[in-house]
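A.B. asks: sequence first, predicted coordinates after that:
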Amino acid sequence: MSPSAGPAAAAALADRPTHLVHPALKRWHWDDPEVVSAVAGGFAGAATAVFVCPLDVLKTRMQVTPAGPERRGIGASLTRIFAEEGARGLYRGLSPTLTALLPNWAVYFTVYDRLKTGMQKRADEGGGSGAPPAALHCAAAAGAGVATLAVTNPLWVVKTRLQTQHLATVGALGPAAHARAPYAGTADALLRIARTEGLAGLYAGLLPSLVGVAHVTVQFPLYERMKASLAAQEGVPVDRLSATALVAASAASKAVASSITYPHEVVRSHMHVEGSGSPAALAATCRRLVDAGGVRAFYRGCGTNLLRTTPAAALTFTSFELIARQLRAAGARQRAREAEQGGG
């Protein structure tokens, strides 16, 4: 999916005479913050998911495997997956990932932007004596993260199970995983989990995911601060930063956040496969990981994760910013046409 598809379509519609646009579509504009966040976030997230899927498959398998793939090295492990399972093996879980990412980034960027703007407005109205910008960004990122998890957690459970269901070692994660017949696809997995495990299965791993919200409270404020710093160095407004600067800010902020909060991903993957979500299950999973490999067990696949997330973040955030700029430009043209027709 091309990241340029979103702004190209937006520009084409914005350039149409407004009398040819359905009346319902005149109620919003391409530069409305919610539209920009949803469209740009959805397209950017989808493009990134396709690009890094093989590394995501490998990372997830490393997380739930006591040993093996990690010791063979990233290149050798990817080659082995391809040799044994073909290209399909490298892209297992892509369908639920794409299905989840569209609402994931759309909800995330939309809620984040709305919370950040709203809290900043209230701080300004209070005479500027409220929380500092970094605190506002942290609060907005946390709120957006929780909102996103409520929508997408079932699809992340499906993604993890599809990526790991062919592993011979998956049975070590519990009798339920061992007895589970392979899923035929995303829809089959969702239906079977809902029917046999209920909400507990669909929301397995939610607790470590909520802990993982700390990830975005590190990443987003750092990203915003780096953008401001780079904009000052370039002598341009933040919304005019070069693509190179956007890549640097997004990649660096993601690498730092991922390194700090990585253990929750390992615990979450185990709980996704197990179908567990209670506090007791969380504690049991952590104890089992400690018994299996100590602290190192919580960092299985971390190298692969950094290799995956750093360029992924750069692609996602840079695509988001560039698509958003095109949508705002399309919205400005749309409003100008409406003003001309209204004045004429």
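C.D. replies: That came through fine.

A.B. asks: just the buried residues of the helix or strand containing T152, please?
C.D. replies: Following DSSP states H and E, the helix or strand that holds T152 is helix 133-164. For helix 133-164, burial by neighbour count (16 or more other CB atoms under 10 Å) applies to 136-145, 147-149, 152-164. (Glycine included, C-beta is placed from N, CA and C.)

A.B. asks: also stretch 75-83?
C.D. replies: 77-78, 81.

A.B. asks: ok now it, how far from the chain's centre?
C.D. replies: Chain-centre distance of stretch 75-83: 25 Å, with CA atoms, centre = their mean, to the nearest Å.

A.B. asks: same check on stretch 144-154?
C.D. replies: For stretch 144-154, the distance to the chain centre is 10 Å (CA atoms, centre = their mean).

A.B. asks: contacts made by it with the rest, please.
C.D. replies: With CB atoms under 8 Å, 6 or more residues apart in numbering as the test, stretch 144-154 has contacts from 100, 103-104, 107-109, 111-112, 115, 190, 193-194, 202-203, 205-206, 209-210, 212-213, 215-217.

A.B. asks: what angle separates the helix or strand containing G41 from helix 133-164?
C.D. replies: Using DSSP H and E, the element containing G41 is helix 33-64. Comparing the axes of helix 33-64 and helix 133-164 via axes from the mean of the first three to the mean of the last three CA atoms, to 10 degrees yields an angle of 50 degrees.

A.B. asks: pLDDT (mean, whole number) over helix 33-64?
C.D. replies: Confidence for helix 33-64, expressed as mean pLDDT, is 85.

A.B. asks: list the buried residues of it.
C.D. replies: Those would be 35-49, 52-64, for helix 33-64 by 16+ other CB under 10 Å.

A.B. asks: OK, contacts around G303?
C.D. replies: G303 makes contacts with I74, as judged by CB under 8 Å, 6+ apart.

A.B. asks: typo on my end, G93
C.D. replies: With CB under 8 Å, 6+ apart, G93 has these contacts: 53, 56-57, 60, 158-160, 162-163.

A.B. asks: what sits against the closest residue to D113 other than its chain neighbours?
C.D. replies: Leaving aside its chain neighbours, D113 sits nearest to S37 (5.0 Å; criterion: CB to CB, 6 or more residues apart in numbering). Counting by CB under 8 Å, 6+ apart, S37 touches 106, 109-110, 112-113, 324.

A.B. asks: do the same with V213
C.D. replies: 141-142, 145-146, 149.

A.B. asks: if we go to 6 Å?
C.D. replies: 142, 145 (CB atoms under 6 Å, 6 or more residues apart in numbering).

A.B. asks: mind pulling the model confidence for it?
C.D. replies: At V213, pLDDT is 85.

A.B. asks: what helix or strand does the nearest residue to A139 once chain neighbours are set aside sit in?
C.D. replies: With sequence-adjacent residues excluded and distances taken as CB to CB, 6+ apart, A139 is closest to M119, at 6.4 Å. Assessed by DSSP H and E, M119 sits inside helix 94-125.

A.B. asks: who are the neighbours of that helix, in terms of helices and strands?
C.D. replies: Packing partners of helix 94-125 (3 or more CB pairs under 6 Å, 6 or more residues apart in numbering; DSSP states H and E): helix 33-64, helix 133-164.

A.B. asks: and the first one with helix 94-125, angle?
C.D. replies: Regarding helix 33-64 and helix 94-125, their directions subtend 130 degrees when assessed with the same axes, to 10 degrees.

A.B. asks: one more: the last one?
C.D. replies: Regarding helix 133-164 and helix 94-125, their directions subtend 170 degrees when assessed with the same axes, to 10 degrees.

A.B. asks: how far off centre is helix 133-164?
C.D. replies: The chain centroid and the centroid of helix 133-164 are separated by 7 Å under CA atoms, centre = their mean.
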